[in-house]
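S.K.: With the input below, show me the fold.
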Amino acid sequence: MSLIHNLDNYILFAIKKYMQNKYLDRLMPIVTSIGNLGFIWIVIAMVLILDKPYRLIGNIVILTLIISTIIGEGIVKHIVRRVRPCGCENNVSLLISKPISYSFPSGHTLSSFAVAEVLSMYFSQYKLIFIGIAFLIALSRLYLYVHYPTDVIAGIIIGIFCSKLIFIILREGYLAKVAILYQNIL
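M.R.: Next up, the predicted model:
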């Protein structure tokens, strides 16, 4: 485990040494803020929901955010309980408020890649844009020193897994079965 931790730290220090500049110091907090609480993805979902032909896709985006948040923030973070890099290094000045939750996996990255994958399935012509946004959000988490690279990699992997889970749920009609069961209970 120490090899991975050493590699994580090496990459973070390299980002700080070779990438840090006043322009990115201004840009990266903005990039990370569009990922806060899935903001950009909720905005996209609302636009889709308001346009009747795309309403179902908008609802699938919201469902993806909910499931990815439950898996990442509600389950995995509390099992792993990894302290953030900014919680280990006292001499690092942060460009954003210090997050209070655990580090592994990156929730911003997880939800962004989950939704980007779902949107890419429906709007393949914009796949590079969706994945690009998710990648920038992931990179911002490293630049801002609030996640280790392995947190971000795990976020990408679990996010893609969540998107596949959503499509299995939809394909097998599980949501319709749950809705019928719920109606019968009422």
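
S.K.: now the helices: where do they sit in this structure?
M.R.: According to DSSP state H, the chain carries its helices in the segments 2-18, 22-35, 39-50, 55-69, 77-80, 85-88, 107-122, 127-143, 149-171, 174-185.

S.K.: what angle sits between the third one and helix 22-35?
M.R.: Calculated by axes from the mean of the first three to the mean of the last three C-alpha atoms, to 10 degrees, helix 39-50 forms an angle of 40 degrees with helix 22-35.

S.K.: Mind listing what's buried along helix 39-50?
M.R.: Neighbour-count burial for helix 39-50, counted by 16 or more other C-beta atoms under 10 Å, picks out 40-41, 44-45, 48-49. Every C-beta, even on glycine, is put in place using the N, C-alpha and C of the backbone.

S.K.: most tightly surrounded among the helices of the chain?
M.R.: With neighbours taken as mean count of other C-beta atoms under 10 Å, these reach their highest mean count in helix 107-122, at a mean of 26.

S.K.: What is that helix packed up against?
M.R.: helix 22-35, helix 39-50, helix 55-69, helix 127-143, helix 149-171 (3 or more C-beta pairs under 8 Å, 6 or more residues apart in numbering; DSSP states H and E).

S.K.: Point out the one among these that comes closest to residue 115.
M.R.: Smallest distance to residue 115 across the helices and strands packed on helix 107-122 (C-beta to C-beta): 4.3 Å, for helix 39-50.

S.K.: tell me the angle the closest one makes with helix 55-69.
M.R.: 150 degrees.

S.K.: same for helix 39-50, what does it pack against?
M.R.: Checking 3+ C-beta pairs under 8 Å, 6+ apart, helix 39-50 ends up next to helix 55-69, helix 107-122.

S.K.: can you tell which of those helices is closest to residue 136?
M.R.: Within the helices and strands packed on helix 39-50, the stretch nearest residue 136 is helix 107-122; the backing value is 8.9 Å (C-beta to C-beta).

S.K.: Direction-wise, compare that closest one with helix 22-35 and give the angle.
M.R.: Here the directions of helix 107-122 and helix 22-35 differ by 70 degrees (the same axes, to 10 degrees).

S.K.: For helix 107-122, give the mean pLDDT please.
M.R.: For helix 107-122, mean pLDDT is 96.
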